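Colleague: Okay, sequence plus prediction incoming.
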Amino acid sequence: MAVSGNLRTMPFPDLMQWISVSRKTGTLVIKGQRYTKKILFQTGLVSAVTSNNPREHLGYYLVGWGILTEEELEHLLDRQKEQNVMLGELLVQTNRLTREQVDHLVRLKTDETVYDLMHWSEGEFFFLDDVQPRRDFKELQLGVDQFIMEGARQLDERRRISSVIPDSGFIPRVTQSIDETRLTPAGAAVLAQIDGTKSIEEIALACRMSQHPVLSFVYQGVQNGVFELLPAAMPPRRIPGFYRSTWRDRILEAESSMALGDTLEAYRKVLEVRERYSNIPKALVAADELEREIVKEVENLPAGPSTILELALAPKDIVQLKCAPEEGFVLSRVNGRYTVSQILTLLPGGKLYNQLIIHNLIQRGVLKPRESQEIVRHPGAPRLRT
């Protein structure tokens with residue numbers, strides 16, 4: 001049974017502390033308004049993170065820091081899929097980075113993904129006990145306390161900074177001379193990149209730093225009257241590492257979702273690729289391959305055709321859930337008497353999609369399965385398909 005809820009009632013630091021103290025092993029899934037993040041735990045320690053925010057992908061740093069070009073990144077991602085190895089391992093094999101540099105990048109990406117969650121005041125979460133990835137990740141063993149303390153410090157600073165600098169798209173410009181001998185090496189590096197054309201995000205990438213120290217440095221400069229802020233570029237500049245052939249990005253997101261057991265999200269990406277890139281043969285081939293993997297997963301799902309589904313939450317709690325219309329339709333057909341097979345006959349759309357919706361609702365702890373001892377025909381119940 002998944003533990004689920006909303007960050008409104010259980011803030012992210014409290015949720016992390018509970019997982020740590022309970023020494024949980026599994027996957028924490030948090031779905032926000034724009035992005036979904038997943039944190040993997042081993043006995044209460046953070047072992048890996050993944051996110052569908054393109055600024056929290058490894059490619060964002062690899063391209064933004066000038067380690068790879070867009071084309072080189074795409075080539076390595078193709079090789080990663082063919083050879084079934086981690087991207088970090090390929091970077092070492094091709095002498096792009098040392099193992100120590102890969103470890104630094106992965107740790108920075110992990111920190112940024114987790115610290116950002118400290119800003120989330122709302123988001124549906126569920127924790128899947130003992131659910132581990134199907135694909136290899138660069139495994140970490142990081143305690144929760146360090147994330148909570150540093151995250152709280154950054155959150156407090158960001159609240160002050162945001163009143164002056166709404167986001168990292170703004171462009172700082174020097175208005176007065178600065179005594180560089182009083183700056184730290186990091187401050188001097190940031191100052192060297194402030195030219196009145198680069199955004200704060202671009203400066204952080206040029207310095208190969210996370211955004212928070214750059215924001216803090218610029219904020220202090222604005223407060224002291226040595227910097228002014230120019231509006232963000234319009235339209236916004238393209239995100240580094242966010243591929244020109246965007247069908248690849250959708251497939252990568254789908255594969256990541258598959259690796260972490262979120263087959264519904266993976267299938268949604270497959271459908272999106274088919275709809276948006278129907279004229280690109282390589283995109284359709286990749287979508288077909290992934291769908292075959294999803295079908296195999298469905299064959300092994302615990303909720304079989306004769307499983308009876310019941311609501312695991314009270315109606316008042318279900319009303320507060322963020323559900324897609326098709327998920328709400330599934331919930332409206334669950335009465336504690338119908339089997340999975342009977343419910344599927346009542347649902348519009350494809351059978352595979354509906355099976356994945358049911359599985360996802362079970363994962364989230366919204367539905368609970370009960371194996372039928374014998375299938376009883378209830379008045380008005382649909383007949384089973386033969």
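Modeller: It's in.

Colleague: Just the strands from the stretch 151-300 of the chain, written as ranges.
Modeller: 171-174, 227-230 (DSSP state E, counting those that start in this stretch).

Colleague: Let me know which of those strands is the nearest to residue 204.
Modeller: strand 171-174 (11.6 Å; Cβ to Cβ). Using the backbone N, CA and C atoms, a C-beta is placed for each residue, glycine as well.

Colleague: Return the distance of that closest one from the chain's centre.
Modeller: In terms of Cα atoms, centre = their mean, to the nearest Å, the centre of strand 171-174 is found 32 Å from the chain centre.

Colleague: now do stretch 187-194
Modeller: With Cα atoms, centre = their mean, you get 31 Å for stretch 187-194.

Colleague: sorry, back to before: rebuild the strands of the stretch 151-300 of the chain as CSV, extending it with mean pLDDT.
Modeller: Listed next are these as CSV, based on pLDDT from 0 to 100:
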stretch, mean pLDDT
strand 171-174, 97
strand 227-230, 96
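
Colleague: Tell me which of these sits most buried.
Modeller: Per residue and on average, the most neighbours among the strands of the stretch 151-300 of the chain fall to strand 171-174, with a mean of 19 (mean count of other Cβ atoms under 10 Å).

Colleague: Format the CA atom coordinates belonging to that one as PDB.
Modeller: Coordinates of the C-alpha atoms in strand 171-174 are reproduced here as PDB (Å, rounded to 0.1, in the frame of the first residue of the first chain):
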ATOM      1  CA  ILE A 171      20.300  40.300 -16.600                       C
ATOM      2  CA  PRO A 172      22.700  42.100 -14.200                       C
ATOM      3  CA  ARG A 173      24.800  45.100 -15.300                       C
ATOM      4  CA  VAL A 174      27.700  46.800 -13.400                       C
END
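
Colleague: Check which helices and strands that strand sits against.
Modeller: helix 200-206, helix 211-223, strand 227-230 (3 or more Cβ pairs under 8 Å, 6 or more residues apart in numbering; DSSP states H and E).

Colleague: ok so, going back, for the strands of the stretch 151-300 of the chain, which one sits closest to residue 350?
Modeller: Comparing these by Cβ to Cβ, strand 171-174 comes nearest, at 47.5 Å.

Colleague: picking up where we left off before, to residue 343, which of the strands of the stretch 151-300 of the chain lies closest?
Modeller: strand 171-174 (54.5 Å).

Colleague: who touches the closest one?
Modeller: Identification of contacts with strand 171-174 by Cβ atoms under 8 Å, 6 or more residues apart in numbering yields 191, 194-200, 203, 218, 221-222, 226-233.
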